[in-house]
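1. give the three-dimensional model of this entry:
(one chain, ligands or ions: 1)
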Amino acid sequence: MPRDIKARRVCSIPDNLRFIPEGCSKELTVITVEEVESLRLCDLESMDQDTAAGLMNISRGTLQRILYSAHRKIAEALCRGREIQIKGGCFELSEERCKGEKGCSYCCFRLKEINSIQGDAEDDRK
Ligand SMILES: [Zn+2]
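-> As a prediction, this is how the structure comes out:
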């Protein structure tokens, strides 16, 4: 396995890292953080793969491979009643908002949140 994989840029770490089925599950499906990020950008935010790849700082081919792997794992977990755990991968959490023409809504939301917090602080001083 190549050791020099470029870190994939992610905007967020999911709030919940474990999903446990109601029935008993003997097996575990582990999904990496960047796989979840690819699902969030492409499936939840309906971005095209080129845009999502740009935000994650990877090629379209790599994005596609990560996304398909995520789809397969989710399908496997849902169909076979497996527990899902989000863990590991090769990623770095972005400290700033997505660059490019189109940022993701999470970043926009977070930016708005930060602005409103700063705005409130200024209002208090007046
Ligand atoms: Zn973002």
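
2. from here on, just use CA atoms for contacts and neighbour counts.
-> Fine.

3. residues contacting the residue nearest the centre of the chain?
-> What sits nearest the mean C-alpha location of the chain, by CA atoms, centre = their mean, is residue 37, with 1.9 Å. Contact analysis of residue 37 by CA atoms under 8 Å, 6 or more residues apart in numbering lists 10, 11, 12.

4. same for the ion: which of those are within range?
-> Near the ion, judged by CA under 5 Å from the ion, the entries from the contacts of residue 37 are residue 11.

5. tell me the one of the contacts of residue 37 nearest the ion?
-> For the contacts of residue 37, the closest approach to the ion (CA to the ion) belongs to residue 11, at 4.6 Å.

6. ok, the closest residue to that closest one other than its chain neighbours - how many residues close by?
-> Leaving aside its sequence neighbours, residue 11 sits nearest to residue 94 (CA to CA, 6 or more residues apart in numbering; 5.4 Å). Residue 94 has 14 neighbours, counted by other CA atoms under 10 Å.

7. was I right about residue 94 contacting residue 7?
-> No. The pair residue 94 / residue 7 is not scored as a contact, 10.8 Å apart, by CA atoms under 8 Å.

8. lowest-confidence helix or strand of this structure?
-> Every helix and strand of the chain was ranked by mean pLDDT, DSSP states H and E. The lowest is helix 105-125, at a mean of 65.

9. can you list the weak-confidence ranges in the chain?
-> 1-3, 99-102, 109, 111, 114, 117-126 (pLDDT under 70).
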